[in-house]
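1. what would the 3D arrangement of this be:
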Amino acid sequence: MTDTARKSIVTEIPLKLIYTDSSTAQRVEGVSERRVRTMAKEFDPDLLGLVIVSAHKDGRYSCLDGAHRTEAARRAGYDAPILCRVFYDLTEADENYLFDYYNRSDKVSSLSKFKARAIWGDPVAVDITKAAEENG
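-> All right, here's what the predicted structure looks like:
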């Protein structure tokens, strides 16, 4: 992806046209069933975010980032188009570069996640915070 010419647009894509190929290097392990089940149970289309896909000549789109979100949407019965950054004319190397790029972020610390959960009202985090405050 050293070419500086723009190769992507942001647009809505029908969910049924987006797939995750576990035979590629990008998602050898597939998606986490436990994570997908949890996300599907709590599914909110406003929280889907931007999914990164690669347009293929057969009219389908290979998911480079957002496989868990798209699978959760499917399992929740959601069938509306979703917002995607669509890359065109990518080589296999380009697709794998983008997969690596979008999936290499540092994990958020457990403390940051806990504080966020306590602030938004997650019952377990609220109870733990309350107990800690009561006991110094």
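2. all contacts plus neighbour counts: C-alpha atoms, from now on.
-> OK.
3. could you say what helices and strands the helix or strand of the chain with the lowest mean pLDDT packs with?
-> Scoring the helices and strands of the chain by mean pLDDT, DSSP states H and E places helix 110-120 at the bottom, with a mean of 75. In terms of contacts (3 or more Cα pairs under 8 Å, 6 or more residues apart in numbering; DSSP states H and E), helix 110-120 is packed against helix 123-134.
4. and the helix it packs on, how far out from the chain's middle?
-> Mean-position distance between helix 123-134 and its chain equals 30 Å (Cα atoms, centre = their mean, to the nearest Å).
5. same for that helix, what does it pack against?
-> Against helix 123-134 (3+ Cα pairs under 8 Å, 6+ apart) you get helix 110-120.
6. just the buried residues of the helix it packs on, please?
-> By neighbour count with 16 or more other Cα atoms under 10 Å, helix 110-120 contains the buried residues F114, A118.
7. now do that helix against helix 123-134, angle only.
-> With axes from the mean of the first three to the mean of the last three Cα atoms, to 10 degrees defining the directions, helix 110-120 sits at 100 degrees from helix 123-134.
8. can you tell me what sits against helix 110-120?
-> Here helix 110-120 makes contact (Cα atoms under 8 Å, 6 or more residues apart in numbering) with A125, V126, T129.
9. for burial, what's the neighbour tally of the first one?
-> It stands for A125. Neighbour count for A125, taken as other Cα atoms under 10 Å: 18.
10. the nearest residue to it once chain neighbours are set aside and I128, how far apart?
-> Residue nearest to A125 in three dimensions, not counting chain neighbours: A118, with 4.8 Å by Cα to Cα, 6 or more residues apart in numbering. Relative to I128, A118 is positioned 9 Å away (Cα to Cα, to the nearest Å).
11. equivalent analysis for S109, please.
-> According to Cα to Cα, S109 and I128 sit 17 Å apart.
12. which of those two has more neighbours?
-> Neighbours were counted for S109 and for I128 using other Cα under 10 Å; I128 has more, 13 against 8.
13. thank you, goodbye.
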